[in-house]
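S.K.: build me a model:
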Amino acid sequence: MAENLAPDDRPLRPAVLRGLRRRCPRCGVGKLFSGYLRVNDCCDSCGLDLTRQRADDGPAYIVILIVGHVMGLLMLELSSFLRVAPLTVAAVLCVVALGLSMWMLPRVKGGFIAYQWAKGLHGF
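M.R.: I've put the predicted structure just below:
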């Protein structure tokens, strides 16, 4: 496949699903990240140049939005219906918020990068 495909030739749904799995948006085989959030320079499988992508703060905003809603529901459940002690609620919410955020952030960033690639944004 040629790297400079028109955005119309880049299917959005498969690309975003590959990005959410932290794989190359074009081939779905190569790894998107070389570390936790550091994007590879290029795909090891198909050679897609990933150096010009920029997800910036978008993934963090989405993660904060989702985790905040989950935490609000958990706080309501734990403190009102289950009558758990406030310190226990705080400890559980901190652990859940941190774990969920750390798990979601690379996946959401991969989805952002794949969306940008599929739409031909940010230098792709």
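S.K.: switch to C-alpha atoms for all contacts and neighbour counts from now on
M.R.: Fine.
S.K.: so what's Pro14 closest to, chain neighbours aside?
M.R.: Nearest non-adjacent residue to Pro14, counting by CA to CA, 6 or more residues apart in numbering: Pro25, 7.7 Å away.
S.K.: quick one: the helices in this protein, in order.
M.R.: Ranges of helices in the chain, per DSSP state H, are 12-20, 58-76, 86-119.
S.K.: going by contacts, tell me the helices and strands next to the longest one.
M.R.: It stands for helix 86-119. helix 12-20, helix 58-76 (3 or more CA pairs under 8 Å, 6 or more residues apart in numbering; DSSP states H and E).
S.K.: distance check, the spatially most central residue of the chain against Ser80.
M.R.: Centroid check for the chain by CA atoms, centre = their mean gives Val108 as the closest residue, at 1.2 Å. Here the criterion is CA to CA, to the nearest Å. By it, Val108 lies 32 Å from Ser80.
S.K.: same check, this time on Ser101
M.R.: Distance of Ser101 to Ser80, computed by CA to CA: 24 Å.
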